[in-house]
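Peer 1: Generate coordinates for the sequence data below:
(chains A and B)
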Amino acid sequence: QKEVEQNSGPLSVPEGAIASLNCTYSDRGSQSFFWYRQYSGKSPELIMSIYSNGDKEDGRFTAQLNKASQYVSLLIRDSQPSDSATYLCAAERSTGNQFYFGTGTSLTVIP
Amino acid sequence: KAGVTQTPRYLIKTRGQQVTLSCSPISGHRSVSWYQQTPGQGLQFLFEYFSETQRNKGNFPGRFSGRQFSNSRSEMNVSTLELGDSALYLCASSRSTAQETQYFGPGTRLLVL
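Peer 2: Just a heads-up that it's a prediction; the model follows:
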C-alpha cells in the first residue's frame, strides 16, 4: 500500500464546473496535508495546506480533511482551462521531516 | 523573497558518469529535501537535510548521496549513472517548523544516454 494514493485520472470537466480531486493516506499520525499543482514540464507549486478536520477555502479552491477516514480532497469551483494540470496530494510523515506524495491526478478543463 | 533555485536546469550525461546537482533554498529555510520525479513513479523522496545533517533517507541505492553546507545550500551527487536515472530532480525547502510547507525549485532535468 502506498503512503498516499490518488486516482490518476485523467479527470475531465467542462469550464465552469466543479472539479473534485481525492486522496487517501495510510500514516494515521500525519497531521499536515498539502495540495500542489504541477503544469507539464514545471515544478509543483503549492495551492493549499490543511491541518485540521473540516473545510478550508481559498478563492475557488476548497480543501477538505477527514482524519478519521484518512481522506483529503480538493474542490475547484468554476474550473478554468488554466486549471488544467496534474494535482499532487502530499502528507507529512507523522515523525516529521518527510513528505509522502501521491502520483497525482491529471485534470483537464474543457472550454 | 527569492525562491528555491537549482542548477543546472538541464543536463545530459552518459552511463557510468557522475553528476552533481545544486540547490539554494529560500532565505531562512534550513531544511532541504530532494526528490526524483519520473512519469511512472511520481515524486519519490531521496533525502532530507537540516543543519548539515541528513535526517531522512528514501529507498535509493548508495549511488545517490547528498550534503548540505552551513549556508543551507545543498548538493546531491549521483555516481555511476544508469539509464534509469533519467528524471526530473526536484529540490524543496522549508523552515522545518511544525506544520511546515515545502516550496519547490524549478528542477534539474537529467538525461542519461
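Peer 1: Spatially central, which residue of chain B would that be?
Peer 2: With the centre of chain B defined as its mean C-alpha position, the nearest residue by Cα atoms, centre = their mean is B:Trp34, 3.2 Å away.
Peer 1: Share the number of residues neighbouring B:Gly105, please.
Peer 2: Neighbourhood size, B:Gly105 [other Cβ atoms under 10 Å in any protein chain shown]: 23. C-betas here are computed from N, CA, C, even on glycine.
Peer 1: same question, A:Ile110
Peer 2: By the measure other Cβ under 10 Å, the count of residues near A:Ile110 is 11.
Peer 1: how far away is it from chain B?
Peer 2: For A:Ile110, the distance to chain B (Cβ to the nearest Cβ, to the nearest Å) stands at 23 Å.
Peer 1: how about the closest residue in space to that residue that isn't next to it in sequence, what does it touch?
Peer 2: Using Cβ to Cβ, 6 or more residues apart in numbering or on different chains and skipping the chain neighbours, the partner closest in space to A:Ile110 is A:Pro14 (5.2 Å). For A:Pro14, the contact set (Cβ atoms under 8 Å, 6 or more residues apart in numbering or on different chains) comprises A:79, A:109-110.
Peer 1: out of those residues, who's nearest B:Ile12?
Peer 2: B:Ile12 has its nearest neighbour among the contacts of A:Pro14 in A:Val109, at 34.7 Å by Cβ to Cβ.
Peer 1: What are the neighbouring residues in contact with the nearest residue to B:Gln18 once chain neighbours are set aside?
Peer 2: Of all residues not flanking B:Gln18 in the chain, B:Ser79 sits nearest, at 4.4 Å (Cβ to Cβ, 6+ apart). B:Ser79 makes contacts with B:18, B:63, B:65, as judged by Cβ under 8 Å, 6+ apart.
Peer 1: What residues does chain B have near chain A?
Peer 2: The interface of chain B toward chain A, taken as Cβ under 8 Å from any Cβ of the partner chain, is made up of B:31, B:33, B:35, B:41-43, B:45, B:48, B:50, B:55-56, B:88, B:90, B:92, B:96, B:99-107.
Peer 1: which among the residues you listed end up buried?
Peer 2: For these, a burial check counting by 16 or more other Cβ atoms under 10 Å in any protein chain shown picks out B:31, B:33, B:35, B:42-43, B:45, B:48, B:50, B:55-56, B:88, B:90, B:92, B:96, B:100-107.
Peer 1: separation between the residue nearest to A:Ile110 and A:Pro81?
Peer 2: Separation of A:Pro14 from A:Pro81 (Cβ to Cβ, to the nearest Å): 10 Å.
Peer 1: Quickly find the element holding the nearest residue to B:Trp34 once chain neighbours are set aside.
Peer 2: Among residues not flanking B:Trp34 along the chain, B:Leu46 sits closest, at 4.1 Å (Cβ to Cβ, 6+ apart). Assigned by DSSP states H and E, B:Leu46 falls within strand B:42-50.
Peer 1: tell me which strands and helices that strand is in contact with?
Peer 2: strand A:99-101, strand B:31-38, strand B:53-57, strand B:64-68, strand B:74-78 (3 or more Cβ pairs under 8 Å, 6 or more residues apart in numbering or on different chains; DSSP states H and E).
Peer 1: Rounded mean pLDDT for the longest one, please.
Peer 2: For strand B:31-38, the mean per-residue pLDDT is 94.
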